[in-house]
Each structure stands twice: as structure tokens, then as C-alpha cells.
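Student: Here you go, sequence then predicted model.
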Amino acid sequence: MTQISVIATIVAALVTTAGCASAPRAAPSGASLPPATTHECAWVTSFGGDDVCGVEVPSGRSLGCVSTGSKPHGIAVSRDGARVFVSNEGANTLSIVDSRERRVIAEVPVGERPNQLALTPDGRHVWVLNNGSASITIVDAESGAVVRTIPSGRGPHIIVTNAARNAAIVTAEGDSSLEVFDLTTFERRSVVPVFAWPRVLAVTENGATAFLTIRWLNGALVVGLDGAGPRDRVALGEPRFASEGKDAHGIALTPSGDELLLTTQITGQLTFIDPRSLAVRGEVHVGNDPNWVEVTSDGRFAVVSNTADNAIAIVDVAARRVTATSPAGRAPKRLALGACVAGSAP
């Protein structure tokens, strides 16, 4: 059976979501929200520019770019915003960037074709996925020393760490599965089949459920991380043939867990979804080829990297509108948010 036919079988089986296609609802009112606290910095990997670029949120003010290694791909930012960690797919290294001085302070050899990475909830370690060597390199975030390299499934690509389960959830592209690792022992706890080519995932705060975009579906699977696999889906519909799998890609949950955000690369849309009913609440056009989306810690703004525009868009979540755009190198891909530190402005 071909991969496309497998996907079709899953979608056909998950018919219980007929109610998900209900008409978009009005954006929730911001009247009951607390005063705005947002003042964060977004750091974006410039895959075509061999650098990482900073942008202030929500103003969109550019903070300039820092040269890293060849083909920077994955990114994470320390909680205090002082350090930015960048995986260089073309150099097989991890760059550690001082955001205050805007310079690389360490280059750490990792595995082959490193993709996404993530900090552990305590900020102690960086887990780097080596897509080309089916492994994970665990790096001490302070010293830059390699702690351990562990085997993974084929084609590890995206990782999310979760404090509630003390776990790292990793997509294995070559195995059509999610893997759950223990953050303390580094052991693999379980493998969750998803029967599809996994793309990007967002995990609920309690670590029980993942929302996962997959290739050839403009939407997302709802996956139980207890090992049961997909149990539901969001389907936004295909407006036309999406070459190279340019369907839904980026995905994020708001900090409260009350809203799910999805980017669709071929249409340039950011879609807002109720994560409980899976009903579409609204959408906004954010730019061309939106790759990644993250939400500020107060839930007020979403930041989207638009690869074809060489820019990021800042979106007011409640108002459903783009409030600012800013240049972000060439072919921006992944992005991460953190505190803005003194001295980070040009």
C-alpha cells in the first residue's frame, strides 16, 4: 500500500469529526484579557543566509542577524533569552549564540544533518535531532559539552519536551511514528505509530495528547501519547493540489491550551482551531509559504516565519490580524521566543 493510500485510509476512518467543519466563529473578545505584558524577542533561523536573526515582539523591530554555520535549521532559546541554540544542517554542528553580544560563543559537533532541537524544561540540556544519522545528541546548555548521543528512529526531525511527563516527544519520519524518551535516563519509553509521514507537533501541557501535522493532509492528527496512536483529525480541505506536500506545516498551542494554530504553506493561511471540538474559529493570511508558528508567553501574539517572503509576521491572536512584519534573513524556517535581554538591540 502506498503512503498516500495509507493516509487516505486514516482520514476515512476518522469520520467522527464531521462537526469539525462548522462555520468559522467570531474571534474571541479581548475585553476579559489581562493587560498586555508582551515584550519578547523572536529568533529565526535563516536557512538560506547561514545566520540567525532577531526580531522584537510585538513591535517587529529588527535586532539584526548573527552568522552561524551552513544551513541553520533548528532553534531554541533559553528561558532568560541570553542564549540561542542553532543546529547547522550543512555543518553538522550546534551553534551557541550570546544574544546580548550577538556572537557565537561555541560550536559543538553533533550528528549528521541536525534538524530541530529543544531545551529540557529545567534548561539544563539541549536535545539535538540528527536526521541523517538516526540519533540524538544531548548537550550541556551551559558548558556546551556533549553529554551523550543516543539512537533514535529513522529520520528524527521535530522534538518537543514536556515537563509533566519528563519526556521528549520526537517525530521519526522514516518510521511514521512518534518516540517518547525519558529526559532523565535518556531511555526510549515508547513508540507511537501514526501511519503517516510526521511533520510538526504541539503537545498539551499534561503531555497526554499531541496535535501532529502530516504530509499530504491540510490539517492535523490528534494523537494519544499513551501508545494508541491517532484518534481524531482536523481537516481544513485542499484548495488545490499541493506540490511537495505544501499543506499544513507549522502548529502551536496557546499557553492556556485554549487555541490551536496551524499554518498552511500553499495558501499562506494561519488557521485558529478549538482544540476540544476541533472546529475552525477563524483564519488570517500571514504571507507566502508560512513554515513555523510560535505564541508569546501571554498568548496575545503569534509569530510566523514566511519562508518565501524572507520575513516574519506578527499576528494579534484575539483580533485575527497581522500587526507587523519584519525581515528575517533568507528563507527563514524555525523560530523560537524568549526574553529580550539588555544589549540585544543593534
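Tutor: Received, thanks. The structure displayed is predicted, hence computed values, not measured ones. Residues are numbered from 1 along each chain as shown.
Student: which residues of the stretch 1-150 of the chain fall in strands?
Tutor: In the stretch 1-150 of the chain, the segments counted as strands under DSSP state E, counting those that start in this stretch are 40-46, 51-57, 62-67, 72-77, 83-88, 93-98, 103-109, 114-119, 125-130, 135-140, 146-151.
Student: Select, out of the ones you listed, the one closest to residue 255.
Tutor: Residue 255 lies closest, by C-beta to C-beta, to one member of these: strand 40-46, at 12.0 Å. Where you see a C-beta, it was placed from the backbone N, CA and C, and this is true even at glycine.
Student: could the strands of the stretch 1-150 of the chain go into JSON lines alongside mean neighbour count and mean pLDDT?
Tutor: Output for those, formatted as JSON lines (neighbours: other C-beta atoms under 10 Å; pLDDT from 0 to 100):
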{"stretch": "strand 40-46", "mean neighbour count": "27", "mean pLDDT": "97"}
{"stretch": "strand 51-57", "mean neighbour count": "25", "mean pLDDT": "97"}
{"stretch": "strand 62-67", "mean neighbour count": "17", "mean pLDDT": "95"}
{"stretch": "strand 72-77", "mean neighbour count": "26", "mean pLDDT": "97"}
{"stretch": "strand 83-88", "mean neighbour count": "27", "mean pLDDT": "98"}
{"stretch": "strand 93-98", "mean neighbour count": "23", "mean pLDDT": "98"}
{"stretch": "strand 103-109", "mean neighbour count": "15", "mean pLDDT": "97"}
{"stretch": "strand 114-119", "mean neighbour count": "25", "mean pLDDT": "98"}
{"stretch": "strand 125-130", "mean neighbour count": "25", "mean pLDDT": "98"}
{"stretch": "strand 135-140", "mean neighbour count": "21", "mean pLDDT": "98"}
{"stretch": "strand 146-151", "mean neighbour count": "14", "mean pLDDT": "98"}
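Student: among the ones you listed, which is nearest residue 337?
Tutor: strand 40-46 (5.0 Å).
Student: what about the closest one, distance to the chain center?
Tutor: 12 Å (C-alpha atoms, centre = their mean, to the nearest Å).
Student: in its sheet, what does it sit against?
Tutor: Applying DSSP bridges, strand 40-46 is found paired with strand 51-57 (antiparallel), strand 332-339 (antiparallel).
Student: could I get these as JSON lines with distance to residue 122?
Tutor: Formatted as JSON lines, those follow (distance: least, C-beta to C-beta, whole Å):
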{"stretch": "strand 51-57", "distance to residue 122": "24"}
{"stretch": "strand 332-339", "distance to residue 122": "15"}
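Student: Surely residue 136 touches residue 125?
Tutor: No. Using C-beta atoms under 8 Å, residue 136 makes no contact with residue 125, being 10.6 Å away.
Student: TSV for the strands of the stretch 1-150 of the chain, including distance to residue 328?
Tutor: Below are the strands of the stretch 1-150 of the chain laid out as TSV (distance: least, C-beta to C-beta, whole Å):
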stretch	distance to residue 328
strand 40-46	4
strand 51-57	5
strand 62-67	8
strand 72-77	12
strand 83-88	14
strand 93-98	15
strand 103-109	18
strand 114-119	17
strand 125-130	22
strand 135-140	25
strand 146-151	30
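Student: got a list of what residue 142 touches?
Tutor: Contacts for residue 142 (C-beta atoms under 8 Å, 6 or more residues apart in numbering) come out as residue 124.
Student: next one: residue 165
Tutor: Applying C-beta under 8 Å, 6+ apart, we find residue 165 in contact with 180, 206-207, 225.
Student: And it, how far from residue 273?
Tutor: Distance, residue 165 to residue 273, using C-beta to C-beta, to the nearest Å: 23 Å.
Student: do the same with residue 283
Tutor: Taking C-beta to C-beta, one finds residue 283 at 9 Å from residue 273.
Student: Comparing those two, which residue is more hemmed in?
Tutor: Legend: neighbour count by other C-beta atoms under 10 Å for residue 283 and residue 273, higher for residue 273 (24 against 18).
Student: Is that one in contact with residue 280, as I believe?
Tutor: Yes. Contact criterion C-beta under 8 Å: residue 273 and residue 280 qualify, at 5.8 Å.
Student: Residue ranges in this protein under the pLDDT threshold?
Tutor: Counting by pLDDT under 70, the chain contains low-confidence ranges at 1-38, 239-245, 342-346.
Student: Sketch out the helices for it, chain order is fine.
Tutor: Using DSSP state H, the helices of the chain run over 3-13.
Student: Report the contact partners of the closest residue to residue 151 other than its chain neighbours.
Tutor: Nearest residue to residue 151 in three dimensions, chain neighbours excluded: residue 135, at 5.6 Å (C-beta to C-beta, 6 or more residues apart in numbering). Residue 135 sits next to 111, 149-152, 156 when contact means C-beta under 8 Å, 6+ apart.
Student: switch the cut-off to 10 Å
Tutor: Shown in contact with residue 135 (C-beta atoms under 10 Å, 6 or more residues apart in numbering): 110-112, 114, 128-129, 149-152, 156.
Student: I'd like these as CSV, with distance to residue 53 appended.
Tutor: Listed next are those as CSV, based on distance: C-beta to C-beta, whole Å:
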residue, distance to residue 53
110, 22
111, 25
112, 26
114, 19
128, 20
129, 22
149, 29
150, 31
151, 34
152, 29
156, 26
